[in-house]
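Enquirer: Take a look and give me a structure for this.
(one chain, ligands or ions: 1)
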Amino acid sequence: MCGIVGYVGSKIANDFLIEGLRRLEYRGYDSAGTATLNGSGEIEIIKSVGRISGLASKITKQPSSATLGIGHTRWATHGVPNEANAHPHIGGRLDLAIVHNGVIENHAELKQMLQERGFVFGSDTDTEVIGHLIAEALQEELENNDSQDPLAAPAEAIRRATKMLRGTYGLAVVFKDHPDAIFAVRLGSPLVIGIGQNENFLASDAAPLAGFTDKIVYLADHQLAIITENDLRISHRDLGQISPDVKELAIDSEQVELGDFDHYMLKEIYEQPEALANTMRGRLSDDDATAVFGGLNLTPHHLRRIKRIVFTGCGTSWHSALVGEYLFEEIAHIPVEVEYASELRYRNPPMDNETLIFAITQSGETADTLAALREMKRQGHLTMAICNVVGSSIAQEADGGLFLHAGPEIGVASTKAYTSQCVALLMLALYFGRLRHISYNEGRRIIENMKKLPELIEKTLQTSDDLRRVAEKYSSANNFLYLGRHYNFPTALEGALKLKEISYIHAEGYPAAEMKHGPIALVDEHTPSVFVMPRGFIYDKVMSNVEEIKARGGPVIAIAEEGDERIAEVADEVIYIPRVEEYLQPIVSVIPLQLLSYHIAVLRGCDVDKPRNLAKSVTVE
Ligand code: G6P
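Expert: All right, here's what the predicted structure looks like:
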């Protein structure tokens with residue numbers, strides 16, 4: 001969704017702003033803009049609808065030597081995507097420029113109040129409301145604020161204005177009369193400050209900062225930062241001045257570049273062997289035949305008493321939660337429920353003290369997942385996060401958890417984060433199982449099998465050429481069914497989601513046997529069914545479902561285990577994956593589905609990394 005960048009230093013601000021916005025493209029956006037402050041104390045705003053390349057060429061035509069500026073990518077919430085609604089917006093009569101991530105729920109009443117006081121609006125956005133509120137507060141501060149610090153009045157104006165807001169915001173503000181400072185403040189929407197030599201940076205996530213600096217400060221809710229060329233001051237709404245907690249940025253610029261790949265999604269599909277190795281690194285103990293985690297923040301004694309687990313998340317993360325349900329029930333023997341975060345946040349499910357909540361999220365910023373976590377915390381439950389982005393809101397707010405260490409995921413359609421989530425859940429299931437009934441020998445067996453995963457994924461990636469041929473045959477279909485059972489049911493859901501997201505083909509995932517209760521009505525010679533059916537205890541039953549589809553003329557694409565000749569006699573296409581234990585099947589069998597949807601989307605000419613209407617990190621409800 002929306003992205004923010006900012007630069008203050010001695011170099012040309014636009015150079016970082018454009019590069020930073022380009023690195024934020026993956027979040028999904030429909031328009032973009034920058035505001036820079038030139039030497040004569042004027043704010044210069046340039047906006048463009050569509051891609052960052054359009055904004056960059058506008059900026060090239062009007063080059064600016066400004067060394068301070070802010071930029072934004074907008075994903076429309078209030079008002080259509082056009083230049084008027086693109087950020088930055090102004091406050092007052094160009095006294096300030098502001099960019100905003102988040103949603104202001106009481107913007108309509110605030111707007112009416114401001115209009116009655118004579119403010120004129122040039123956009124339909126909630127952001128412009130904030131700009132005018134700050135401009136109004138600034139006038140009063142200039143009259144009454146007797147601080148010797150020239151930056152005290154604008155900072156106080158921002159504080160006063162934000163007190164009136166209901167909703168979420170990450171804001172960057174620059175003032176005409178203070179051409180040496182960027183002001184940043186957040187509530188529920190992330191901001192990261194990068195510290196350089198005689199220059200400082202601002203961004204809504206760490207990706208734009210990679211390669212520019214390795215020292216970062218995550219702003220927390222209610223903190224306000226004043227960022228100048230050589231200084232960073234942070235104050236908290238209730239606590240006053242605080243000293244910045246400087247952390248090391250763990251990603252380098254290579255990780256956020258495409259390299260030799262055509263798309264980030266493909267790059268990330270191929271990064272999975274390494275991503276999974278990183279998720280497991282240092283967490284599998286041969287000696288104790290269990291997994292070890294440093295951040296659960298609960299004693300084994302406490303964890304042993306957990307009687308029930310709730311996994312919550314959205315989108316692909318919700319699918320990994322379903323995999324977690326099967327894993328925990330099989331391996332740890334703990335009852336699990338999986339809840340959409342958007343539902344859990346408004347439900348009031350009876351839960352006892354022995355329930356543990358896990359929020360599963362790649363970004364750590366998904367609004368519904370964050371709200372569900374907060375509601376569970378408010379009810380007094382212990383909460384854990386399984387998260388990829390260090391420093392994200394959910395990672396900060398959970399009582400404990402673990403990071404995936406899968407590396408930055410740029411492609412909107414999640415791939416490596418999904419398989420890393422499944423691996424993290426398998427390690428957790430092993431850990432909880434070893435606290436209960438799993439023997440040392442069984443624990444060792446699971447560990448040995450898990451260690452083979454990177455190699456197995458490497459091998460599975462070799463199916464890509466075959467999948468491209470399958471994609472060529474079926475890329476013009478309008479509907480797909482994805483079917484699987486047990487561990488492979490969530491995989492079917494995830495495969496269907498991948499196809500929908502990036503190729504815009506309607507696809508439904510179903511438990512294979514449920515197909516008879518409705519979806520079978522869709523089956524005809526133009527509707528391929530993708531069966532995820534590596535061998536397992538339920539293989540024969542799935543085979544019957546294949547026959548049922550074939551009997552109705554539907555083409556069948558089977559993801560099957562190597563050596564399975566029976567399926568080759570029935571299915572139209574067979575993609576063979578390595579033989580693995582059933583609890584590893586979801587991690588291996590999803591790889592061909594990721595590749596299939598990728599190839600189909602490319603063949604259909606779709607923009608794989610920036611699918612229409614989607615955003616990488618959904619920070620609105
Ligand atoms: C968006 C993304 C999905 C992702 C979902 C949850 O819809 O496009 O790829 O699965 O959000 O995101 P999270 O960061 O919480 O895993």
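
Enquirer: Break down the stretch 251-400 of the chain into its strands, ranges please.
Expert: Using DSSP state E, counting those that start in this stretch, the strands of the stretch 251-400 of the chain run over 284-285, 290-291, 308-313, 336-340, 355-361, 382-387, 400-403.

Enquirer: Return the residues of the stretch 501-621 of the chain in contact with the ligand.
Expert: Residues of the stretch 501-621 of the chain lying close to the ligand (C-beta under 6 Å from any ligand atom) are 614, 616-618. For glycine as for every other residue, the C-beta is placed from the backbone atoms N, C-alpha and C.

Enquirer: actually the chain, not the one I wrote
Expert: 313-317, 361-363, 366, 369, 412-414, 614, 616-618.

Enquirer: wait, isn't Met543 in contact with Asp564?
Expert: No. Counting by C-beta atoms under 8 Å, Met543 sits too far from Asp564 to count as a contact (9.9 Å).

Enquirer: so where do the helices sit in the stretch 201-350 of the chain?
Expert: For the stretch 201-350 of the chain, the helices defined by DSSP state H, counting those that start in this stretch occupy 264-270, 272-280, 300-304, 315-327, 341-344.

Enquirer: what's the neighbour count on Leu17?
Expert: Counted by other C-beta atoms under 10 Å, the residues lying close to Leu17 total 30.

Enquirer: now do Arg485
Expert: For Arg485, using other C-beta under 10 Å, the count is 22.

Enquirer: ditto for Phe293
Expert: Using other C-beta under 10 Å: Phe293 sits among 18 other residues.

Enquirer: can you pull the contacts of it?
Expert: Contacts for Phe293 (C-beta atoms under 8 Å, 6 or more residues apart in numbering) come out as 283, 402, 427-428, 431.

Enquirer: ok, 10 Å please
Expert: 282-283, 384, 400-402, 424, 427-428, 431 (C-beta atoms under 10 Å, 6 or more residues apart in numbering).

Enquirer: and if you look at Val99?
Expert: 2-6, 33-35, 70-74, 86-89, 127, 131, 170-174, 184, 202, 204.

Enquirer: Now it: which helix or strand?
Expert: Using DSSP states H and E, Val99 sits in strand 96-101.

Enquirer: helices or strands up against the helix or strand following that strand?
Expert: Next helix or strand after strand 96-101 toward the C-terminus (DSSP H and E): helix 107-116. Where contact means 3 or more C-beta pairs under 10 Å, 6 or more residues apart in numbering; DSSP states H and E, helix 107-116 is packed against helix 127-144.

Enquirer: Output the helix it packs on as PDB - backbone C-alpha positions only.
Expert: Provided in PDB are the C-alpha atoms of helix 127-144 (Å, rounded to 0.1, in the frame of the first residue of the first chain):
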ATOM      1  CA  THR A 127      -4.500  13.600   4.200                       C
ATOM      2  CA  GLU A 128      -5.300  17.100   3.200                       C
ATOM      3  CA  VAL A 129      -7.400  17.400   6.300                       C
ATOM      4  CA  ILE A 130      -4.300  16.700   8.400                       C
ATOM      5  CA  GLY A 131      -2.200  19.300   6.400                       C
ATOM      6  CA  HIS A 132      -4.700  22.000   7.100                       C
ATOM      7  CA  LEU A 133      -5.100  21.000  10.800                       C
ATOM      8  CA  ILE A 134      -1.300  21.300  11.200                       C
ATOM      9  CA  ALA A 135      -1.300  24.700   9.300                       C
ATOM     10  CA  GLU A 136      -4.000  26.000  11.600                       C
ATOM     11  CA  ALA A 137      -2.200  24.800  14.700                       C
ATOM     12  CA  LEU A 138       1.000  26.300  13.500                       C
ATOM     13  CA  GLN A 139      -0.400  29.800  13.300                       C
ATOM     14  CA  GLU A 140      -1.500  29.500  16.900                       C
ATOM     15  CA  GLU A 141       1.900  28.100  18.000                       C
ATOM     16  CA  LEU A 142       3.700  30.900  16.200                       C
ATOM     17  CA  GLU A 143       1.700  33.400  18.200                       C
ATOM     18  CA  ASN A 144       2.000  31.600  21.600                       C
END
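
Enquirer: going on from that helix, what's the next piece of helix or strand?
Expert: helix 152-163.

Enquirer: Centre of the chain to that next one, how far?
Expert: 31 Å (C-alpha atoms, centre = their mean, to the nearest Å).

Enquirer: Equivalent analysis for stretch 335-350, please.
Expert: 20 Å.

Enquirer: just stretch 493-510 next, same as before
Expert: Offset of stretch 493-510 from its chain centre (C-alpha atoms, centre = their mean): 18 Å.

Enquirer: Give the helix, strand or coil label for the nearest residue to Glu83 once chain neighbours are set aside.
Expert: Leaving aside its chain neighbours, Glu83 sits nearest to Lys47 (4.7 Å; criterion: C-beta to C-beta, 6 or more residues apart in numbering). Per DSSP: H, G, I helix; E, B strand; the rest coil, the secondary structure class of Lys47 is strand.

Enquirer: partner residues bridging Lys47?
Expert: Gly33 (DSSP bridges).

Enquirer: what's the answer for Ile357, then?
Expert: According to DSSP bridges, beta-bridge pairing links Ile357 with Val310, Thr383.

Enquirer: Surely it touches Ala372?
Expert: Yes. With contacts counted by C-beta atoms under 10 Å, Ile357 reaches Ala372, the gap being 8.2 Å.

Enquirer: Need the residues touching each of the two.
Expert: With C-beta under 10 Å, 6+ apart as the test, Ile357 and Ala372 both reach 310, 312, 339, 344, 383.

Enquirer: So among those residues, where is pLDDT lowest?
Expert: Across the shared contacts of Ile357 and Ala372, the smallest pLDDT goes to Leu344, namely 92.

Enquirer: How about the contacts made by the spatially closest residue to Ser65 that is not a sequence neighbour?
Expert: Of all residues not flanking Ser65 in the chain, Ile12 sits nearest, at 6.3 Å (C-beta to C-beta, 6+ apart). Contacts for Ile12 (C-beta under 10 Å, 6+ apart) come out as 18, 36, 63-67, 69.

Enquirer: And the most centrally placed residue in the chain, how far from Gly196?
Expert: For the chain, the residue nearest the mean C-alpha position is Ser363 (3.3 Å; C-alpha atoms, centre = their mean). Plainly put, Ser363 is 25 Å away from Gly196 if you go by C-beta to C-beta, to the nearest Å.

Enquirer: Inside helices: which ones of the residues of the stretch 501-621 of the chain next to the ligand?
Expert: Among these, the subset assigned to helices under DSSP state H is empty.

Enquirer: any idea how far the ligand is from Asp221?
Expert: Using C-beta to the nearest ligand atom, to the nearest Å, one gets 18 Å for the distance from Asp221 to the ligand.

Enquirer: cool, Asp288 as well?
Expert: As defined by C-beta to the nearest ligand atom, Asp288 lies at a distance of 30 Å from the ligand.
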